[in-house]
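When you get a sec, could you give me coordinates for this:
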Amino acid sequence: MPKPPRLCTCGQIVPAGSVCACQRDAIRVRGRRHDAKRPNSRQRGYTRQWEALRAEFIRLHPLCAFCGSTSEHVDHIKAHKGNPALFWNWNNLQALCEHCHNSVKQRQERAINVG
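Residues are numbered from 1 along each chain as shown. Predicted coordinates for the structure are as follows:
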């Protein structure tokens with residue numbers, strides 16, 4: 001049986017499994033605030049050395065680990081959080097397509113961080 005719609009704190013009725021526009025805006029603002037404090041990609045270790053490793057990894061793993069389409073990203077299976085051993089560990093990498101990297105993997109990471 002499908003879940004019934006819910007009432008958002010702003011008073012709007014929202015279908016089950018959806019996010020209200022006010023919540024979507026709050027999520028975007030929170031994301032921008034987080035990104036403003038975050039070090040840039042070079043400071044996080046994504047240097048020319050990483051770009052060379054990434055190119056080699058995609059050459060050897062041309063298909064997405066989740067869906068099998070053409071890979072575009074090299075993703076850390078376990079978040080490295082600045083740990084160089086995890087960052088450079090070849091066994092901690094997986095090739096992902098754009099869609100899986102930006103949706104499926106992000107959903108997994110949010111579930112891990114919440115649980």
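
is it true that A95 lies in a strand?
Yes: judged by DSSP: H, G, I helix; E, B strand; the rest coil, A95 forms part of a strand.

what residues go with each domain of this structure?
Structural domains annotated on the chain: 6-37, 48-114, as defined by automatic domain parsing.

which residues touch the lowest-mean-pLDDT helix or strand in the chain?
Of all the helices and strands that make up the chain, the one with the lowest confidence by mean pLDDT, DSSP states H and E is helix 105-114; it has a mean of 79. Counting by C-beta atoms under 8 Å, 6 or more residues apart in numbering, the neighbours of helix 105-114 from elsewhere in the structure are 66, 75, 79, 96. Glycine gets a C-beta too; all of them are placed from N, C-alpha and C.

cool, stretch 31-39 as well?
Applying C-beta under 8 Å, 6+ apart, the contact partners of stretch 31-39 are R44.

Same question for stretch 65-76.
Here stretch 65-76 makes contact (C-beta under 8 Å, 6+ apart) with 53-54, 57-58, 61-64, 86-87, 92-101, 104-105.

do that again at 7 Å, thanks
Residues external to stretch 65-76 that are found in contact with it (C-beta atoms under 7 Å, 6 or more residues apart in numbering): 54, 57-58, 61-64, 86, 92-98, 100-101, 104-105.

I'd like the domains of the chain as CSV, with mean neighbour count appended.
Putting the domains of the chain into CSV (neighbours: other C-beta atoms under 10 Å) gives the following:
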stretch, mean neighbour count
domain 6-37, 11
domain 48-114, 14
